[in-house]
Structures are given as C-alpha cells and as structure tokens.
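K.L.:
just the structure for this:
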Amino acid sequence: MPKVIPKDISKPEREKLKNLLYTKISKLKTKEEVADFMNDVFTESEIIMSIRRLEIAKMLLDEYSYPQIRQKLGAGYDTIKTVRFKIDNGSGGFLKFIKKLKI
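P.N.:
Residues are numbered from 1 along each chain as shown. Model prediction:
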C-alpha cells in the first residue's frame, strides 16, 4: 500500500474519511470488538504510543512536571509538549476520556 500524505488529500475528503472511521468505531459494542479492531488496524507500537499519550495527559492534568513525567514514563519533552498543546488547544478529547473513564 502506498504511503498516504494527509496534506495531499483535500481537507473535505480528510474530514469525510475521519468521520467514517469515527462512525464505524462508535458502532463497536464490546471490549472484544474494540480489541479486535484495534489489533487489526494499528500496530502494537501505535497502540502503546496512544496509551502512553493518555498516561502523559493524566499526569499533566494531575500537575506533574515535565521532568517528573519524563523520569516516570521515559517520554521525550517533545511528546509531553505535544500532549500539553492538545490538552490546552485541542477538542477536549483527552480531558473527556480521562474524566469519563476515571483513569
């Protein structure tokens, strides 16, 4: 499969594709269905990195410092900074996820 570069796809088409994915994911009912989907679509590394971002977000929301997060998780400052940016300027996904699931 050729590599897809997001900027080479029009914004409306990217939004259409993302909305299709969101709709399909929202129809999954059980943990097993979600696990099967995630394991088929994403690499193990992508799944682990997503979990790590959630851990970073939780620690940031719990007011851990960047050095504390780096020491505990081994995360790079750029990753921590990116998660912080998403918490402050994103659509609220990290906060909603963490609060809803009380992680």
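K.L.:
next, give phi and psi for Gly74.
P.N.:
Phi and psi for Gly74, reported as degrees, to the nearest 10, are phi 70, psi 20.
K.L.:
please enumerate the helices of the protein.
P.N.:
11-26, 31-41, 44-61, 66-73, 77-89, 93-101 (DSSP state H).
K.L.:
I'd guessed Phe97 sits against Leu54; true?
P.N.:
Yes. Contact criterion Cβ atoms under 8 Å: Phe97 and Leu54 qualify, at 6.9 Å. (C-beta placed from N, C-alpha, C; glycine too.)
K.L.:
between these two, which one's more packed in?
P.N.:
Remark: of Phe97 and Leu54, Leu54 carries more neighbours, 16 against 13, as counted by other Cβ atoms under 10 Å.
K.L.:
and that one, how far from Val83?
P.N.:
Noted for Leu54: a distance of 9 Å to Val83, by Cβ to Cβ, to the nearest Å.
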